[in-house]
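Student: sequence unknown, structure follows:
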Ligand code: HEC
């Protein structure tokens, strides 16, 4: 009886560790990707202004990206789950898109996201672009 209690306690502990690891995996859309857009993109792709008809604001970004054709290159998807190379968003962030400038566009020239933000977005796309 006492052994069973100990086993159950360990199982509960292991489950809670697994749950917290899953939360901090860094590639969840709402907790990891959306905050990057909020900081770097929504002044041009938000509720007021939607350059290239793209709205990256909270509550709109996911539906505007995943499996949606690009405005600039309609033959490509903005985000193709599992495939960063076939995702127009990723090419824009790497300054390799065939049209327009790299993102985030600045007033005089385009900038780059930092490495951590790039890794987060790439991992999110590679892992299937989950909501
Ligand atoms: C200063 C304004 C500005 C900022 C900030 C900005 N963009 Fe853009 N974005 C534009 C403009 C203008 C275009 C269309 C012209 C071009 O591509 O240069 C565009 C086009 C795009 C496109 C192409 C959309 C399509 O469907 O073809 C993507 C993807 C994009 N931006 C993503 C981003 C992301 C992600 C960020 C933040 C990391 C960002 N942009 C920040 C102005 C901006």
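Tutor: Happy to help now that I have it. Fair warning: this is a prediction, and the values are worked out from it, not measured in the lab.

Student: Could you tell me the per-residue confidence at the spatially most central residue of the chain?
Tutor: What sits nearest the mean C-alpha location of the chain, by C-alpha atoms, centre = their mean, is residue 33, with 3.8 Å. With respect to pLDDT, residue 33 scores 98.

Student: I'd guessed it sits against residue 120; true?
Tutor: Yes. Between residue 33 and residue 120 there is a contact at 6.4 Å, judged by C-beta atoms under 8 Å. All C-beta spots, glycine's among them, are computed from the backbone N, C-alpha and C.

Student: and residue 38, that one's in a helix?
Tutor: Yes. Counting by DSSP: H, G, I helix; E, B strand; the rest coil, residue 38 is part of a helix.

Student: Residue numbering should commence at 18 henceforth.
Tutor: That works, and once the first residue is 18, the last one we named lands at residue 55.

Student: All the strands of this structure, residue numbers only.
Tutor: Listed in chain order, the chain contains no strands at all (DSSP state E).

Student: How many neighbouring residues does the residue in it that the ligand sits nearest to have?
Tutor: Ranked by C-beta to the nearest ligand atom, the top residue of the chain for proximity to the ligand is residue 117, at 2.1 Å. Residue 117 has 14 neighbouring residues, counting by other C-beta atoms under 10 Å.

Student: Report the contact partners of it.
Tutor: With contact taken as C-beta atoms under 8 Å, 6 or more residues apart in numbering, residue 117 is in contact with 69, 89, 109.
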